[in-house]
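Novice: got a structure for you, letters missing:
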């Protein structure tokens, strides 16, 4: 990865640490470690001080770390990671030490015992920064979206009666891997009434001559994931399905029309819900959308109770749906980039159902 994006992220974090009077910040979430070092391994922590960034890892990852990391010093541990972190802090003589609140209680207690000094839990330092994508991140998400579209286009050749949900999910995943990346999360494939469960797990149900298909998937490219949902029909769709699809499409369009820098998260969410509510169909029970990036679900979140506004540079999903228990389910999900005057749909090239 280029050096400058990482350096800018670290500068921004250090500015926040100075404002909070923190000498050393320990990051335990893998995505945060990646964000500040470019390292993509596991079981590793990062520590940020005014003068350096440290990666605390072990022999399984040290070779990978030396290849991937940007302007990072290495601490190769042989014992518990909490012990290595405590020893590093003592060596640096850091007084005001903080750790992200994602840390487990056991790790918190072990680190505090090893430090023998106050330890502060913090949140929001990296999350707010990560919600605004830099040019490198935007390019990777665009690439993930483009590869996702190619994979689904290939998989549509298998939309034939007799195939089962789990088999089609495997084909989507295989097409993603053939393009040189991997699925960003477990692919959802739901046929017919199974789609009324938003997080249905693909099973043995087979596609029928007249049926519907819902696919929720996304390729992960260079650490960044697209998140897309598409619906299709085999044979002639029922009038109820046509209505549900039309309402969902209009609901999504209403939210996209509102989404721009300065719009409140709540207003975007409500724009989508209003269309469904006014149609007389059941209003979906989850959030209208969420940020994507190094995590598949990250800030900002579009929910009825959300506070705050959208900012230029954020990338998030818009994914309303209509669900009739035991009968049908429709969800349309696209990834959008927030701009000053509106938004750009990044996933529009992905195959669509046109009713």
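Specialist: Great, that's in hand. Fair warning: this is a prediction, and the values are worked out from it, not measured in the lab. Numbering: from 1, shown residues only.

Novice: What's the mean pLDDT across stretch 260-275?
Specialist: Mean pLDDT, stretch 260-275: 98.

Novice: And for stretch 335-352?
Specialist: 96.

Novice: and if you look at stretch 139-149?
Specialist: 98.

Novice: Repeat that for stretch 29-46.
Specialist: Here stretch 29-46 scores 96 as its mean pLDDT.

Novice: Which of the residues in that stretch are classified as buried?
Specialist: Going by neighbour count (16 or more other CB atoms under 10 Å), the buried part of stretch 29-46 is 29-41, 44-46. Placement of C-beta: from N, CA and C, glycine included.

Novice: which one among these gets closest to residue 326?
Specialist: residue 31 (37.1 Å; CB to CB).

Novice: correct me, but that closest one touches residue 296?
Specialist: No. Here residue 31 does not reach residue 296: they are 10.1 Å apart, not a contact under CB atoms under 8 Å.

Novice: circling back to that earlier point, keep only those of the buried residues of stretch 29-46 that are in strands.
Specialist: 45-46 (DSSP state E).

Novice: Can you get me the start-to-end distance on stretch 310-323?
Specialist: One end of stretch 310-323 sits 28 Å from the other (CA to CA, to the nearest Å).

Novice: what packs against the lowest-mean-pLDDT helix or strand in the chain?
Specialist: When the helices and strands of the chain are scored by mean pLDDT, DSSP states H and E, helix 125-130 comes last with a mean of 91. For helix 125-130, the packing partners by 3 or more CB pairs under 8 Å, 6 or more residues apart in numbering; DSSP states H and E come out as helix 3-20, helix 30-37, strand 298-302.

Novice: Other residues contacting that helix?
Specialist: Outside helix 125-130, the residues that touch it by CB atoms under 8 Å, 6 or more residues apart in numbering are 9, 12-13, 16-17, 20, 25, 27, 29, 31-32, 35-36, 100, 293-294, 298-299.

Novice: now those: which count as buried?
Specialist: 9, 12-13, 16-17, 25, 27, 29, 31-32, 35-36, 100, 293-294, 298-299.

Novice: Give the helix, strand or coil label for residue 293.
Specialist: Under DSSP: H, G, I helix; E, B strand; the rest coil, the three-state class of residue 293 is coil.

Novice: what do you get for residue 98?
Specialist: Per three-state DSSP, residue 98 ends up strand.

Novice: That one and residue 26, how far apart?
Specialist: 7 Å (CB to CB, to the nearest Å).

Novice: Who has more neighbours out of the two?
Specialist: residue 26 (26 against 23; other CB atoms under 10 Å).

Novice: what does the host helix or strand of residue 137 rub up against?
Specialist: Of the helices and strands defined by DSSP states H and E, residue 137 is found in helix 135-155. Applying CB under 8 Å, 6+ apart, the external contacts of helix 135-155 come out as 1-2, 5, 133, 168, 171-172, 175-176, 178-181, 184, 215, 217-226, 228, 230, 292-293, 313, 315, 335, 337, 346-347, 349-351.

Novice: What of stretch 194-204?
Specialist: By CB under 8 Å, 6+ apart, the list of residues contacting stretch 194-204 reads 164-166, 168-169, 186-190, 205, 212-214, 231, 284, 286, 321, 323-331.

Novice: quick one, strands of the stretch 51-200 of the chain?
Specialist: Assignment of strands within the stretch 51-200 of the chain using DSSP state E, counting those that start in this stretch yields the ranges 53-57, 73-76, 97-100, 119-122, 182-183, 188-191.

Novice: which one of those lies closest to residue 308?
Specialist: strand 119-122 (18.9 Å).

Novice: buried sites along stretch 97-114?
Specialist: 97-100, 102-103, 107-108, 110-112, 114.

Novice: again with stretch 253-272
Specialist: Neighbour counts using 16+ other CB under 10 Å place 254-256, 258-261, 263, 265-266, 268-272 of stretch 253-272 among the buried residues.

Novice: what do you get for stretch 55-64?
Specialist: Going by neighbour count (16+ other CB under 10 Å), the buried part of stretch 55-64 is 55-58, 61-62.

Novice: cool, and stretch 290-306?
Specialist: The neighbour-count check on stretch 290-306 (16+ other CB under 10 Å) flags 290-296, 298-302, 306 as buried.

Novice: Among those, which pair sits farthest apart?
Specialist: 294 and 306 (20.8 Å).

Novice: which residue sits closest to residue 275, ignoring its sequence neighbours?
Specialist: Nearest non-adjacent residue to residue 275, counting by CB to CB, 6 or more residues apart in numbering: residue 251, 4.0 Å away.

Novice: Pull up the gap between that neighbour and residue 240, please.
Specialist: On the measure of CB to CB, residue 251 and residue 240 end up 16 Å apart.

Novice: Which one's more surrounded, the two?
Specialist: Each of residue 251 and residue 240 has its neighbours counted (other CB under 10 Å); residue 251 has more, 30 against 13.

Novice: And the helices in this protein?
Specialist: Along the chain, counting by DSSP state H, helices occupy 3-20, 30-37, 62-68, 81-92, 105-115, 125-130, 135-155, 165-178, 239-258, 265-279.

Novice: Tell me the gap between the longest one and the middle of its chain.
Specialist: From the chain centre to the centre of helix 135-155 is a distance of 14 Å (CA atoms, centre = their mean, to the nearest Å).

Novice: got the buried residues for that helix?
Specialist: 137-138, 140-152, 154-155.
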